[in-house]
Each structure stands twice: as C-alpha cells, then as structure tokens.
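[1] sequence first, then the predicted structure, then my questions.
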Amino acid sequence: MVNLPKINDIHKIYLMNFLNQMQLFGAVAVPFFLDWGKINYTQMFLLEAWFMFWIFVLEIPTGIIADRYGRKVSMILSLLCTASSMFIFGLTTDYSMYFVAEFVGAMGVSLMSGACEAWIYDTLLKMKKEKDAKRVMSNYSASSTMAMVVAFPLGSLLVGSGLVQYPYVLALTFILSGVTSLLAFLVMLTVHEPKVSRSSSEGFLAAGLNGLKHIFKHRSLRAFTINSVLIRSVTFFMFWLYQPLLKTVGFDIGLNGFVGAGFNLFGMFLLMNVERLERWFGTKNLLFYTAVIPGLAFISIVVLKGAFLALVGIFLVTALVQLRGPVLSAFMNEHIESKNRATVLSGISMLGRLTTMVLYPVVGFLSDISIDHALAVLGIITLVFAFLTKVDEEHLN
C-alpha cells in the first residue's frame with residue numbers, strides 16, 4: 001500500500017517558508033551596511049557577489065544532497081545555516097566576519113534551493129495532483145511575500161521607534177530574523193518526506209554535470225531557464241536599490257518597510273490570480289510583458305523623476321518578478337525526472353546566481369556614482385534580455 005504524504009504537510013511547508021522569510025532586516029538592509037557596518041555600495045555589493053559566488057559553487061552539491069539523502073534533510077540544514085548567518089551579522093561590525101556570515105548564509109540558500117520545490121512537486125505527484133503545481137507553487141511564493149509584508153513594516157517601525165539606540169537597532173533586526181528561522185526549523189522537523197526513487201550510483205561530479213546537461217539538451221527547458229535566469233538576475237536589484245531610491249525622493253527610513261509591504265502585497269495579489277492572468281493574456285504574452293514592463297519601469301524612474309513615479313516603478317518591477325517565478329517553475333518541473341529534480345533545479349538556480357554575481361560589482365560601482373546610473377543600465381539590460389530570450393508557443397506546448 002502506497003504511503004501518501006499528508007495534505008497538511010504542504011500547509012506546514014507554507015508556514016516554514018513564512019517563518020524563514022520573516023526578514024525584519026529586509027527594509028533596512030542598506031542602512032545596516034552603510035550606518036552599522038560603515039561600508040560603501042561597492043563594498044556592500046562585493047560582499048553580495050561573494051555570497052552569490054558561494055551559492056553558485058554549492059548549488060549542485062547541495063542539490064545532490066537533497067536528491068540522495070532527502071529534501072527534508074537538506075531543508076533542515078538550510079534553516080540552521082540561515083539562522084546562524086543572521087546571528088553573525090547581528091553580533092559584529094567586522095567587515096571580514098560579514099564574509100563568513102555570507103558564506104554560511106549561502107549554504108543555507110543553496111540547501112533550500114531546488115529542495116523545497118522538488119519536495120512540493122513530488123508530494124503532488126504522490127497525491128496525483130501534479131496539475132495543481134502552478135497554484136501550489138504560487139501559494140508557496142505567496143507565503144514568502146506575506147512574510148515580507150509583515151516583517152518589513154515591523155523592522156522599519158522597530159528602527160524608527162527609538163526603543164533601541166540607532167544604529168544598534170539595525171543589528172537587532174538581523175538577530176530577530178535568526179530567531180524566526182529557528183522557529184521554521186522546528187516546523188520542518190514535523191514534515192514528512194515523500195518517497196521517491198533515488199540513484200546513488202553516480203559520483204557527485206557526474207551527477208552535477210548530468211543535471212546541467214539535462215537543462216541544455218532539452219529545448220523547452222533550456223528556453224525557460226535562460227528566460228528565467230537572465231530576467232530575474234537583472235530585475236532582482238530593485239530589491240536592493242528601492243531603499244536608496246526612496247531616500248533620494250524624500251522618504252524617511254521608517255517608511256521603507258511600508259513600501260516593501262506594499263509591493264509585496266501587490267505581488268501576492270498577482271500570484272493569487274496567476275491562472276486568471278494567464279487566461280487573459282496567454283502564457284507567452286504574460287511572460288513577455290512581465291519582462292518588458294520592468295525594463296521600461298527602470299528607465300522611466302530615471303527619465304521622468306518624482307516620488308509617485310518612483311513608487312510605481314518599484315511596485316511594477318518587484319511584483320512582476322515575483323509573478324514570473326511560479327509560472328516558469330511549473331513549466332520547468334514538467335521536464336525533469338523526480339530522482340534528479342533537486343539537482344536540475346539547483347543547476348538552474350546556479351546559473352542565475354552566476355549572472356547576478358557578475359552584475360553585483362558593476363551595479364555597486366554605478367550606485368556609488370549615482371543610483372540613476374544603476375537604474376538606467378539595469379533597465380536597458382532588462383529590455384535587451386526580454387527580446388533576446390522571448391519564450392515561444394512551441395516551448396509552452
């Protein structure tokens with residue numbers, strides 16, 4: 001008799017993700033590095049490039065861990081690493097220790113990357129509900145968004161409240177984020193692992209290379225991957241730059257979290273209506289529009305100026321990049337076998353990290369000159385990628 005996973009386990013995964021994404025530092029991360037860490041944009045983005053480098057290196061090995069030893073094991077280790085990273089950030093101002101924290105955090109991200117999506121899809125397969133993948137993946141992404149909707153204003157309010165002296169309060173937001181990751185770890189301990197076939201005959205290197213080969217030899221998967229990786233890697237920088245952008249148009253730091261909550265709520269609203277949006281626009285057009293509009297938004301912020309247009313641009317870029325993820329993820333999972341799912345998904349993520357890692361020093365250098373310079377370049381690159389990597393109907397079919 002087949003031991004089917006409990007439907008409640010999916011809800012536990014939503015809760016785990018919600019707690020892990022309760023990043024109270026999210027809306028004050030830039031002030032944290034500038035005022036607490038006493039570093040500039042170039043140093044900050046070099047630090048993040050280091051973070052991306054280690055995720056790039058670790059993506060395939062950690063994906064293989066998830067496929068060989070279980071997605072649950074991988075996710076549990078991830079949560080412990082994430083919590084440890086948050087605590088290191090919150091307890092030191094030593095720039096060199098930030099590199100240690102980023103390395104530990106990179107382990108956390110790479111251990112979760114691929115493993116959780118693989119767990120969800122395999123659980124749905126066991127339940128014979130794989131057709132619900134797009135909806136469940138969207139709900140999973142929405143749980144992240146809801147966490148940020150709650151955490152960003154709380155973090156900003158805490159920083160602006162005066163309860164703890166500035167800039168020490170900035171460090172406190174990291175410590176509290178580490179605590180919520182530990183709570184997520186406790187939830188994850190109660191989740192069941194769906195049984196899937198596991199192959200242990202290949203070595204780690206061979207398994208990793210085969211995972212990457214699978215991406216590029218499969219025509220549709222290759223198209224989805226390139227589109228997802230390139231657009232995501234560029235538009236991702238709005239999550240960093242919206243804070244200094246708000247400062248340049250006159251917003252107080254205490255409002256950062258509310259703006260972050262607002263664009264995450266907008267993103268969650270879009271995610272909850274993903275199937276309706278696909279019916280209205282068609283999947284091909286939806287993917288194209290959600291790539292072109294962010295590019296235009298980046299450029300419009302620079303050319304047209306003003307607080308209102310800055311807010312509109314921030315909301316469009318951040319929400320649309322959130323919307324694209326579950327749609328592309330559902331299509332990609334259809335072309336991957338269960339036994340290698342986490343490895344292949346980690347390979348896709350690894351390619352994205354590599355692209356972002358290359359861009360980090362460039363965006364940091366441009367940001368030290370002017371935030372407008374960084375936004376303009378990102379807008380141009382996004383538009384170029386949108387047209388070069390357009391997904392066709394044949395890929396979707």
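    Nice, thanks for sending it over. Numbers count the residues shown, from 1 in each chain.

[2] hey, let's count contacts and neighbours off CA atoms from now on
    Will do.

[3] in the stretch 201-350 of the chain, where is pLDDT below threshold?
    Where the stretch 201-350 of the chain drops to pLDDT under 70, the residues are 201-212.

[4] cutoff 80 now
    Scanning the stretch 201-350 of the chain for pLDDT under 80 picks out 201-218, 335, 337-340, 342-343, 345-347, 349-350.

[5] give me the number of residues near Ala83?
    As a burial measure, Ala83 scores 26 neighbours (other C-alpha atoms under 10 Å).

[6] look at it and report its pLDDT.
    Ala83 carries a pLDDT score of 98 in this model.

[7] now do the helices in the stretch 201-350 of the chain.
    Ranges of helices in the stretch 201-350 of the chain, per DSSP state H, counting those that start in this stretch, are 204-217, 219-235, 238-248, 256-272, 274-281, 283-304, 307-333, 341-369.

[8] my error: substitute the stretch 51-200 of the chain in the last question.
    All helices of the stretch 51-200 of the chain, identified by DSSP H, counting those that start in this stretch, fall at 71-91, 95-112, 115-126, 133-161, 168-188.

[9] what mean pLDDT would you report for the fourth one?
    So that's helix 133-161. On average, helix 133-161 scores 90.

[10] which parts of it are buried?
    Of the residues in helix 133-161, 133-160 count as buried by neighbour count, 16 or more other C-alpha atoms under 10 Å.

[11] over to the last one?
    Residues 169-185, 187-188 are the ones in helix 168-188 that count as buried (16+ other C-alpha under 10 Å).

[12] so which residues make contact with stretch 308-326?
    Stretch 308-326 has contacts (C-alpha atoms under 8 Å, 6 or more residues apart in numbering) with 134, 137-138, 141, 228, 232, 235-236, 238-239, 242, 245-246, 249, 259, 262-264, 266-268, 270-271, 274, 287, 290-291, 293-295, 297-298, 300-301.

[13] ok, now which ones touch Met75?
    Neighbouring residues of Met75 by C-alpha under 8 Å, 6+ apart: Leu111, Met112, Ala115, Cys116, Met188.

[14] quick one, what contacts the last one?
    Taking C-alpha under 8 Å, 6+ apart, we find Met188 in contact with Lys12, Ile13, Met16, Lys72, Met75, Ile76.

[15] skipping adjacent residues, who's closest to the last one in space?
    Read it as Ile76. Excluding its sequence neighbours, the residue lying closest to Ile76 (C-alpha to C-alpha, 6 or more residues apart in numbering) is Phe185, at 6.0 Å.

[16] over to the third one?
    Beyond its immediate neighbours in the sequence, the residue positioned closest to Met16 (C-alpha to C-alpha, 6+ apart) is Ala184, lying 4.6 Å away.

[17] isn't that neighbour up against Leu79?
    Yes: using C-alpha atoms under 8 Å, Ala184 is in contact with Leu79, at 7.0 Å.

[18] please report the distance of the closest residue to Gly352 other than its chain neighbours from Val73.
    For Gly352, ignoring the flanking residues on the chain, the nearest one in space by C-alpha to C-alpha, 6+ apart is Val229 at 4.6 Å. Plainly put, Val229 is 26 Å away from Val73 if you go by C-alpha to C-alpha, to the nearest Å.

[19] who has more neighbours out of these two?
    Between Val229 and Val73, counting by other C-alpha under 10 Å, Val229 is the more crowded of the two (21 against 18).

[20] how much space separates that one from Pro326?
    Relative to Pro326, and taking C-alpha to C-alpha, Val229 is found at 13 Å.

[21] what do you get for Arg71?
    In terms of C-alpha to C-alpha, Arg71 sits 19 Å off from Pro326.

[22] more crowded one of those two?
    The residue with more neighbours, out of Arg71 and Pro326, is Arg71; 27 against 23, by other C-alpha under 10 Å.

[23] is the more buried one in contact with Tyr121, as I believe?
    No: judged on C-alpha under 8 Å, Arg71 makes no contact with Tyr121 at a distance of 11.5 Å.

[24] phi and psi next, for Gln21.
    Dihedral pair for Gln21: phi -90, psi 10, per degrees, to the nearest 10.

[25] and it, how many neighbours?
    A total of 22 residues lie near Gln21 under the criterion other C-alpha under 10 Å.

[26] Gln43 is in contact with Phe365, correct?
    No: counting by C-alpha under 8 Å, Phe365 stays clear of Gln43, with 9.1 Å between them.

[27] other residues contacting stretch 276-288?
    Contacting residues not belonging to stretch 276-288 are listed as Arg324, Ala386, Lys390, Val391, Asp392, Glu393, Leu396 [C-alpha under 8 Å, 6+ apart].

[28] find the nearest non-adjacent residue to Glu193, please.
    Per C-alpha to C-alpha, 6+ apart, closest to Glu193 is Lys72, 6.2 Å.

[29] then Leu241?
    In space, Leu241 comes closest to Ile371 once its chain neighbours are excluded; the distance is 7.5 Å by C-alpha to C-alpha, 6+ apart.

[30] quick one on the thing from earlier: out of the contacts of stretch 276-288, name the ones that lie in helices.
    Arg324, Ala386, Glu393, Leu396 (DSSP state H).

[31] filter those residues to the buried ones?
    With burial judged by 16+ other C-alpha under 10 Å, the buried subset of the ones in helices among the contacts of stretch 276-288 is Arg324, Ala386.

[32] unless I'm mixing things up, Ile39 is touching Phe33, no?
    Yes: Ile39 lies in contact with Phe33 (C-alpha under 8 Å); the separation is 6.0 Å.

[33] which one of those two has more residues nearby?
    Legend: neighbour count by other C-alpha under 10 Å for Ile39 and Phe33, higher for Phe33 (21 against 16).

[34] okay, the more buried one: pLDDT?
    Reported pLDDT at Phe33 in the predicted model: 96.

[35] nothing else from me, thank you.
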